[in-house]
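> Take this sequence and fold it.
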Amino acid sequence: MANREPAFVSLESFVRTPREQPEPHAEGPVAARMPAELEATIHETRRFRAALADALEAGCENVLRDFASDVLARELTLAPAAIARVAQAALERFWEEEPLALLAHPDEARYLEGLAIPVRTDASLRHGDVTLALRYGSIDLTLGVRLAHVLEIHRDRTRAR
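This next block holds a predicted model:
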C-alpha cells in the first residue's frame with residue numbers, strides 16, 4: 001500500500017500557534033515582520049500628527065477670531081455707537097443678575113454714558129469690548145466672545161444642512 005493521506009485531519013493543523021500569529025496591530029505580511037520598535041515609532045508618529053492637526057485647527061480658529069476682532073474693532077472706531085447697543089442689550093438681558101458696572105476701553109467710555117449703570121474704564125480691553133460686572137461674577141462681551149458665538153451659530157447651521 002502506497003502512502004495514503006489520513007482520513008481525519010485535526011482542527012489544530014489549520015490553526016496557527018500563538019508564535020505564528022501576527023502582532024495585534026499588524027496589517028498585512030510586511031507588518032507581520034515589522035519590529036516592535038518600528039511599530040511603536042509609527043504609532044507615536046500617527047498620534048503626534050493627530051495632535052498637531054488638532055492644535056493647528058484650534059490655533060487657526062483663535063488667530064482668525066483675533067484677526068476678525070481687530071477688524072471689527074477698527075470698524076467700531078468708525079461707528080462707535082454700536083458699543084452702546086451691545087451694552088444696552090446686555091443690561092436688558094442680565095438686569096435680574098444685579099449688574100454693578102460696565103467696563104469699556106477708556107476711549108469708548110463716553111459712548112456708554114447715559115446708561116442706567118456706572119461705567120468704568122479698563123485699558124486692557126480692546127476697542128469694541130465691553131464687560132458687564134455683576135454682583136456675582138461678570139459677563140464677557142468682548143468682540144472675540146461675540147464673534148465666537150456668531151461663528152458657533154454659523155457652524156451649527158452649516159452642519160444642519
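> Report the distance from whichever helix in the chain runs longest to the chain centre.
What stands out as the longest helix in the chain, according to DSSP state H, is helix 36-78. How far helix 36-78 lies from its chain's middle: 9 Å, per CA atoms, centre = their mean, to the nearest Å.
> Quick one: mean pLDDT over it.
The average pLDDT for helix 36-78 rounds to 78.
> Stretch 88-106 too?
89.
> For this protein, which segments count as strands?
Shown for the chain, the strands assigned by DSSP state E span residues 99-104, 119-121, 130-134, 137-140.
> Between these, which one is closest to Leu64.
Ranking the strands of the chain by their distance to Leu64 (criterion: CB to CB) puts strand 137-140 first, at 18.6 Å. From N, CA and C alone the C-beta is placed, and that goes for glycine too.
> I'd like to know which elements that closest one is packed against.
Counting contacts by 3 or more CB pairs under 8 Å, 6 or more residues apart in numbering; DSSP states H and E, strand 137-140 is packed against strand 130-134.
> Only C-alpha atoms, please: export the strand it packs on in CSV.
Written as CSV, here are the backbone C-alpha positions of strand 130-134 (Å, rounded to 0.1, in the frame of the first residue of the first chain):
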residue,chain,number,x,y,z
VAL,A,130,-17.4,95.5,27.0
THR,A,131,-17.6,93.6,30.2
LEU,A,132,-20.7,93.7,32.4
ALA,A,133,-19.7,93.4,36.1
LEU,A,134,-22.4,91.6,38.1
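> Give me the angle between that strand and strand 99-104.
Here the directions of strand 130-134 and strand 99-104 differ by 160 degrees (axes from the mean of the first three to the mean of the last three CA atoms, to 10 degrees).
> which strands and helices sit next to strand 130-134?
Contacting strand 130-134 under the criterion 3+ CB pairs under 8 Å, 6+ apart are the following elements: helix 81-94, strand 99-104, strand 137-140.
> Minimum distance to Thr131: which of those has it?
When the helices and strands packed on strand 130-134 are compared for distance to Thr131 using CB to CB, the nearest one is strand 99-104, at 4.2 Å.
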